[in-house]
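Undergrad: The amino acid sequence is not available; the structure is as follows:
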């Protein structure tokens, strides 16, 4: 792939009031493209050409080498001026939107989950493999600065924490509590493929395993404890009392990671207990413990705090993640460009992709490990698999 | 059994410097006997008659109707002036000390774990059953005031929290961290039967299930991650660098409780992360969450804090456990007698035993559920079962 890599972007909304999936392109993807010499956006594809044109104008992509604008994925797929199709839309639209790009031989960056079920994900991965296409999924938690901090403190050098003995991560998923924002209502339908398990839990588990090692054995408990939820509008008024929810809102996993490290994991719906972090991740070493907390989910990067409790010194120290990056990574792209969460981790994915650092991200085929994990968990706990 | 119940006590040490098992009789059992009209200590049995006499003198049991003193369990067992033999010593001595009492037809209160392995526990339970003896094990977490608080907040009445949806308990066991007090060194030999799994974890799980319901399915991960530990003296100086440890120092369980409530559990060796609680137990309800924390293990009762986060009110309130008892239990014995932890929960066990409230404690036979749980976990995780 020659540089700059020419990007055809699916899902860059111009809507000021867009939330969640609708705002993700603007908040998590665009900042890197606006600063990187390695990529250039050459095309936009939205639900209509008009919508794509509106977005092009809004983000200044209509000046100079004007981007092309499309209203259907087949037209984008045929554009010879596009090397990489980026897909950042609702999960249930991924399959239909990226399939044409793969068939046309484009590389694809697709947000996670890759598609709505294992069958679709397998088909997309097979398509990419047959054509030897470069692909990447948006599991960006694995690029976070906290991963470097965790690894930095392992080892036998003086002042460090020794071996990892075990880990526990508990978290609250915000959605599917007493009420849930109506913009996330589509995440309550298990057939759509995007929900607290496939998004929240898999992002967290991917991050945890990227830091500490692959899962070697596990027991997964999934439960739907809120078969209906109230929906709220943007001012938190309830607009629907009993919206059906068919997805798991309690995800519990325990087991053993590579290297015989026991792990424990619990994510549940709703808000965190007031004045406590949204997640609390403990990594217990021979000579100390790391605690990672934040006010959003880890991979989203809200106010992440990494603390180290050194048993011998009997002292807790806050870890400066920027300093860890400066020492360990040196040319960290997010730091260099001054990118903030959630754009920082996504930028690192793009950087790794451009540099061919394939160990830093998962391609479609590699991401099937999570597709199988999901499928197995659904079957074991009596949820439909598609 | 006529009242007052005449108690023959095994293990009331006179040693001022006794810790742990050695001090438990004095700290957890004696305070109730000193105030209750329902029990009277009529005999003491220690490792020697001299030691028993010393204890009798120290606790004022040598005046008035003087207690009899013994140096062997067979003699205590033969004493016609004893109805109930209480055994509060190291786990590995339980079997030998209480077997004579059962053979002699005495009722027995034995601290938990009942004995060193399933075979012994089964034999003791069978002996008691054959002779139709009343028995009780010291799993006193289930009598705690927090149990009433948890149950009080369930239900559909206005202002309450609704149904229980899930629960998570994480804790640090103090022992088996970077160092462990030399008085607990015997807890590192799995053959002895007392260790972080059989004591810490089972006490916690018994408490959790007494509050929320029995375990219906589970996956248990046990690991020994510190095959050696440093031993310290009472001034925290290391007296031995590498003492062997064959017991699990990481206990992870997930599964489902009766009523389809998912639960998650993780206890690990060592001290808590500095300035965080020794355990953090969350109970997530439809309309709120309860958080129970403390600076010791729950059943020991150190500074237990119960907080309720009401989702609708968006407010956290501290629960006054004494008030819960006054409202819900009314004649709570620990409250009436002004007993503090760890004597309060043990007192409630004795009270229930005296009143024949058999639903409030486990007898030997009922406690075999935990003996089987332990055996199964050992086998599944490659630990020896005896």
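TA: Looks like it arrived, so ask away. Computed from a prediction, not measured in an experiment: that's the story for all the values here.

Undergrad: which intervals of the stretch 1-150 of chain A have sub-threshold pLDDT?
TA: Along the stretch 1-150 of chain A, the parts satisfying pLDDT under 70 run over A:21.

Undergrad: For stretch A:379-386, list every residue counted as buried.
TA: By neighbour count on 16 or more other Cβ atoms under 10 Å in any protein chain shown, the buried set for stretch A:379-386 is A:381, A:383. For the C-beta atoms, the positions are set from N, CA and C on the backbone; glycine is no exception.

Undergrad: Please disregard the earlier target; I meant stretch A:50-63.
TA: In stretch A:50-63, counting by 16+ other Cβ under 10 Å, buried: A:51, A:52, A:53, A:54, A:55, A:56, A:59, A:61.

Undergrad: Out of those residues, list just those in helices.
TA: A:51, A:52, A:53, A:54, A:55, A:56 (DSSP state H).

Undergrad: for the closest residue to chain B within the stretch 151-300 of chain A, what are its contacts?
TA: Nearest residue of the stretch 151-300 of chain A to chain B: residue A:219, at 3.3 Å (Cβ to the nearest Cβ). Listed by Cβ atoms under 8 Å, 6 or more residues apart in numbering or on different chains, the contact set of residue A:219 reads A:253, A:254, A:255, B:219, B:254, B:255.

Undergrad: three-state assignment of it?
TA: strand (DSSP: H, G, I helix; E, B strand; the rest coil).

Undergrad: What residues are bridge-paired with it?
TA: residue A:254 (DSSP bridges).

Undergrad: Burial check on residue A:250, number of neighbours?
TA: Per other Cβ atoms under 10 Å in any protein chain shown, the neighbour tally for residue A:250 reads 26.

Undergrad: how about it, phi and psi?
TA: phi -140, psi 120 (degrees, to the nearest 10).

Undergrad: Quick check: pLDDT value at it.
TA: On pLDDT, residue A:250 comes in at 98.

Undergrad: could you list every residue that touches it?
TA: A:221, A:222, A:223, A:224, A:225, A:266, A:267, A:268, A:269, B:165, B:166, B:262.

Undergrad: of those, closest to residue A:170?
TA: Each of the contacts of residue A:250 was checked against residue A:170 using Cβ to Cβ; the closest is residue A:266, at 4.7 Å.

Undergrad: secondary structure element for the closest one?
TA: strand A:261-268 (DSSP states H and E).

Undergrad: ok so, going back, would you mind putting the buried residues of stretch A:50-63 into JSON lines with distance to chain B alongside?
TA: JSON lines is the format used below for those (distance: Cβ to the nearest Cβ, whole Å):
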{"residue": "A:51", "distance to chain B": "38"}
{"residue": "A:52", "distance to chain B": "41"}
{"residue": "A:53", "distance to chain B": "43"}
{"residue": "A:54", "distance to chain B": "38"}
{"residue": "A:55", "distance to chain B": "37"}
{"residue": "A:56", "distance to chain B": "42"}
{"residue": "A:59", "distance to chain B": "37"}
{"residue": "A:61", "distance to chain B": "42"}
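
Undergrad: Kindly indicate which of those lies nearest residue B:274.
TA: residue A:59 (46.8 Å).

Undergrad: so the closest one makes contact with residue A:12?
TA: Yes. Taking Cβ atoms under 8 Å as the definition, residue A:59 is a contact partner of residue A:12 at 6.9 Å.

Undergrad: quick one: common contacting residues for the two?
TA: Shared contacts of residue A:59 and residue A:12, defined by Cβ under 8 Å, 6+ apart, are found at A:26, A:30.

Undergrad: Residue A:319: neighbour count?
TA: 22.

Undergrad: Now do the contacts for it.
TA: A:149, A:290, A:306, A:307, A:308.

Undergrad: Scan those and report the most crowded one.
TA: Highest neighbour count within the contacts of residue A:319: residue A:290, with 25 neighbours (other Cβ under 10 Å).

Undergrad: wait, is it part of a strand?
TA: Yes. Per three-state DSSP, residue A:290 lies within a strand segment.

Undergrad: What residue, apart from its backbone neighbours, is nearest it spatially?
TA: Of all residues beyond its chain neighbours, the one nearest residue A:290 is residue A:283 (4.4 Å), with distances taken as Cβ to Cβ, 6 or more residues apart in numbering or on different chains.

Undergrad: Quick one: list the elements packing against the helix or strand containing residue A:146.
TA: Per DSSP H and E: residue A:146 is located in helix A:145-152. Judged by 3 or more Cβ pairs under 8 Å, 6 or more residues apart in numbering or on different chains; DSSP states H and E, the packing partners of helix A:145-152 are helix A:202-212, strand A:288-294, helix A:321-328.

Undergrad: ok, and for it, which residues are buried?
TA: By neighbour count on 16+ other Cβ under 10 Å, the buried set for helix A:145-152 is A:145, A:146, A:147, A:148, A:149, A:150, A:152.

Undergrad: and for it, what are the contacting residues?
TA: Contacts with helix A:145-152, where a contact means Cβ under 8 Å, 6+ apart, come from A:160, A:207, A:210-212, A:283, A:290, A:292, A:298, A:304, A:306, A:319, A:321-322, A:324-325, A:327-329, A:332, A:344.

Undergrad: Likewise for stretch A:334-347?
TA: By Cβ under 8 Å, 6+ apart, the residues outside stretch A:334-347 that reach it are A:24, A:27-32, A:35-36, A:138, A:140-141, A:143-145, A:299-302, A:304, A:322, A:325-326, A:329, A:333, A:348.

Undergrad: what about the residue nearest to residue A:17 when sequence neighbours are not counted, neighbour count?
TA: When the adjacent residues along the chain are set aside, residue A:17 lies closest to residue A:234, with 7.5 Å between them (Cβ to Cβ, 6+ apart). Residue A:234 has 10 neighbouring residues, counting by other Cβ under 10 Å.

Undergrad: tell me the secondary structure for residue A:234?
TA: coil.

Undergrad: Am I right that it is in contact with residue A:20?
TA: No. In this structure, residue A:234 is not within contact of residue A:20 by Cβ under 8 Å, at 11.7 Å.

Undergrad: got any residues that touch both of these two?
TA: Going by Cβ under 8 Å, 6+ apart, residues that sit against residue A:234 and also against residue A:20 are residue A:181.
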